[in-house]
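Undergrad: A structural model of the following input is requested.
(chains A, B and C)
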Amino acid sequence: MSVEQIIFVLTSLLILGSAFMVVTTRKLVQAALWLVSALFGVTILYAMLQANFLAVVQVVVYIGAIAVLFIFAVMLTRKELRDQGSQTRSNWWIAASLGVLVLAGLVSLIIGQPAFNRTAEVIPAGVDTLRNLGTALVSPDAYVLPFEVASVLLLAALVGAVFIASRKGEEK
Amino acid sequence: MAFLYDPVNFIAGWAHGILTGWGLVDSLATVIIYLIGITVLIVFAMVLDVMLVWVERKVVARFQDRLGPNRIGPFGLIQPFADIIKMVIKEDITPAGADRIVYNIAPVLAASSVIILWAILPIASSIYGVDLNVGILYLVAAGSLGTLAIIMAGWSSNNKYALLGAFRMVANMISYEIPMVIILLVPTILADTMSIKGITQAQSGVWFAILSPLAFLIFLISAIAELGRSPFDLNEAESEIVSGFNIEYSGMKFGWFYAGELLHAFTFGGFIAILFFGGYGGFFGLERIGFFSWLNNPFVQAVVFITKAMFGYWVIMWIKYSMPRIRIDHMLAFNWKFLTPLALVVLVNTAILSKVLVNLPIWGYALGMFFSNILIGLITIEILRAYGRKQRIAEGNLVRQVAHN
Amino acid sequence: MSIPLSWYLILAAALFCIGLFGVLSRKNAIAILLGIELMLNGVNINLVAFWRYLDPVRIAGQVFAVIVFAVAAAEVAVGLALIISVYRRSNTVVADEIDLMKW
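TA: Presented below is the predicted three-dimensional model:
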């Protein structure tokens, strides 16, 4: 096994183990921290796929903002300082069998396609993927329209979140 | 001789030769050399951190018109080792009801978020960890990891004051990341690349602090706020919130937080040197003259870089020990109402001018950008003055009303 | 030997299914959102793996992944604001007990 494959197996163990802990642990703050660990594993994966920009943005956006938001939300919505009781519904076995079925279906689909067995080709030397990404996001015959729509979406989310969470409208 | 001009590769090649001579596979030898290199870099950063404790205490003493530690060793140089021994032999208390794993990981994560920054810091043109093509974003990402460490520390201490302090500190750090990211785009535009080495090489003609002094000032302010140092240290003010999220930490765990903060300050001094003052180079084209070609030697460049980084660190300490603390709502208002719009204006100005003035010779370009920054500064001061006058008139009217009734 | 594409796709599928299990079987509304985040990350791994293995010169896969980042951030912000607002009004975050609109 080459070094790359060893790193990939270790990273997948980290990601899947942390994801499993996220969905099964009883303490919610620990679930948010296990999510941070899973997201960090995904960062390592992006770095292995040579998507440097996405790896760093994953840390900044997901770990630095979304995970912090989750931790704040968990702390602000609890009645006492510690968790209690089981956090899983009583019919969790239906969800588990559904998950296993979907996984089996997807894996059989992936293995059945011989085209997915290819290995990565080397990126040609003169190609600067970062510059291509920047140009594609603002060039009119590439992806400037989804980019602008995403900015409007973020603005709407910002205004909406602040409005919903503010106490001005309540007359209790 | 090759050692004098390319030390890191020379040593790596020599070690590789030894390892393959012992019979190891090529790729395994490479991995082992990488691991040794990482260890050497971390050891260098931590030893520097220990000496920074001495520097900090001497400098604060001089600012306060006293001598500082001078009993242990000549000039008190052994003082940091005495501090470390004291911290190591202290009792390690974990508060009851604290979440043990999170409580123990938080100081390690706080220190690690600083050490990983040393991977991209170029000490000389051939002495650096890795030359990422997204180096600037990596700087922001390391800041986000520090934020996470503080929340973990505050929550796992099972203590209301720690939680409050952690909330305030995180609100502070997240808010000041915005002007920092916006201003980090200014060297990116001026150098046409996000890699730290590329930015340093682009300053071989003129420093970016001359091209954009406002960007340097805004970066300095946001960096100090990110570090959580005075005047933005309401979160760990001993007199007010009983030292914030570090309350329950004792012994070496507190030592990790403290050492991490000092190393973070020095690392940001290093980044100010790199992003705005030319880093290991920046000799205004002097090194191309034959007589001064020794300026291209990596050891000379390392000395130049450490000097500039120490100067940046000294400026940060100077601000810390001369200014009073700022209240939390003033801090946040300052960020959202003043610093972020100003940063956006500076960014737009730099972006437009860097395309308009691109055909001028270097001195025309530099003068144009410098004067545009001065103009923005003057307009900002005028707006602030008008705003201040309006507020004073409104307060005067209020006082007059109250006095009449 | 390098890593075949199918390994990345199987990892992404497994992450997606674990997220699916989380969404369907947790009581707390915030835990459901955590499951959704796992699913979004699985999708992102898929997109970036396809970009790298099929056509790394044209940048469509990475752009798609960047837009997914933006959408995920917006969704988490609004979702958590809603949950906090519901908690203030009815003092519970258990998804089963928020049933004022059921008939």
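
Undergrad: where does chain C dip in pLDDT?
TA: Within chain C, the stretches with pLDDT under 70 are C:1, C:103.

Undergrad: gap between the residue minimising distance to the centre of chain A and chain B?
TA: Nearest to the mean C-alpha position of chain A, counting by Cα atoms, centre = their mean, stands A:Leu39 at 5.9 Å. A:Leu39 is 11 Å from chain B, where distance means Cβ to the nearest Cβ, to the nearest Å. C-beta here means a position set from N, CA and C on the backbone, and glycine is covered the same way.

Undergrad: in what helix or strand does that residue lie?
TA: Secondary structure from DSSP states H and E places A:Leu39 in helix A:28-48.

Undergrad: around chain B, which positions in chain A sit nearby?
TA: Proximity of chain A to chain B, by Cβ under 8 Å from any Cβ of the partner chain, involves residues A:2-3, A:27, A:29-30, A:33, A:36, A:52-53, A:56-57, A:59-60, A:63-65, A:67-68, A:71-72, A:75, A:81-82, A:128, A:130.

Undergrad: give me the subset of the residues you listed that lies in helices.
TA: A:3, A:29-30, A:33, A:36, A:52-53, A:56-57, A:67-68, A:71-72, A:75, A:130 (DSSP state H).

Undergrad: these also near chain C: which ones?
TA: Okay, of these touching chain C (Cβ under 8 Å from any Cβ), that's A:53, A:57.

Undergrad: and the buried ones among the residues of chain A next to chain B, selectable in PyMOL?
TA: The following PyMOL line selects those of those that are buried, judged by 16 or more other Cβ atoms under 10 Å in any protein chain shown:
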select buried, chain A and resi 27+29+30+33+36+52+53+56+57+59+60+63+64+65+67+68+71+72+75+130
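
Undergrad: residue of chain A with the smallest distance to chain B?
TA: A:Gly64 (2.5 Å; Cβ to the nearest Cβ).

Undergrad: so the nearest residue to that residue once chain neighbours are set aside: helix, strand or coil?
TA: Using Cβ to Cβ, 6 or more residues apart in numbering or on different chains and skipping residues adjacent in sequence, the residue nearest A:Gly64 is B:Ser144, 2.5 Å away. Here B:Ser144 is helix, with the state taken from DSSP: H, G, I helix; E, B strand; the rest coil.

Undergrad: B:Ser144: what's it in contact with?
TA: The contact partners of B:Ser144, taken as Cβ atoms under 8 Å, 6 or more residues apart in numbering or on different chains, are A:59-60, A:63-65, B:177.

Undergrad: ok, now how distant is it from A:Ala156?
TA: 24 Å (Cβ to Cβ, to the nearest Å).

Undergrad: from the middle of its chain, how far away would the helix or strand that contains B:Ala343 be?
TA: Using DSSP H and E, B:Ala343 sits within helix B:340-356. Chain-centre distance of helix B:340-356: 23 Å, with Cα atoms, centre = their mean, to the nearest Å.

Undergrad: can you list the buried residues in it?
TA: For helix B:340-356, the neighbour count (16+ other Cβ under 10 Å) marks B:340, B:342-343, B:346-347, B:349-350, B:353-354 as buried.

Undergrad: any idea how far the residue of chain A closest to chain B is from B:Tyr138?
TA: 12 Å.

Undergrad: likewise for B:Pro74?
TA: Counting by Cβ to Cβ, the gap from B:Pro74 to B:Tyr138 is 39 Å.

Undergrad: same check, this time on B:Ile89
TA: For B:Ile89, the distance to B:Tyr138 equals 37 Å [Cβ to Cβ].

Undergrad: got it, and B:Val348?
TA: Distance from B:Val348 to B:Tyr138, by Cβ to Cβ: 25 Å.

Undergrad: of all the residues in the stretch 201-350 of chain B, which one is nearest chain C?
TA: Counting by Cβ to the nearest Cβ, the stretch 201-350 of chain B gets nearest to chain C through B:Trp336 (17.0 Å).

Undergrad: is it true that that residue touches B:Tyr176?
TA: No: look at B:Trp336 against B:Tyr176 with Cβ atoms under 8 Å: they stay out of range, at 10.1 Å.
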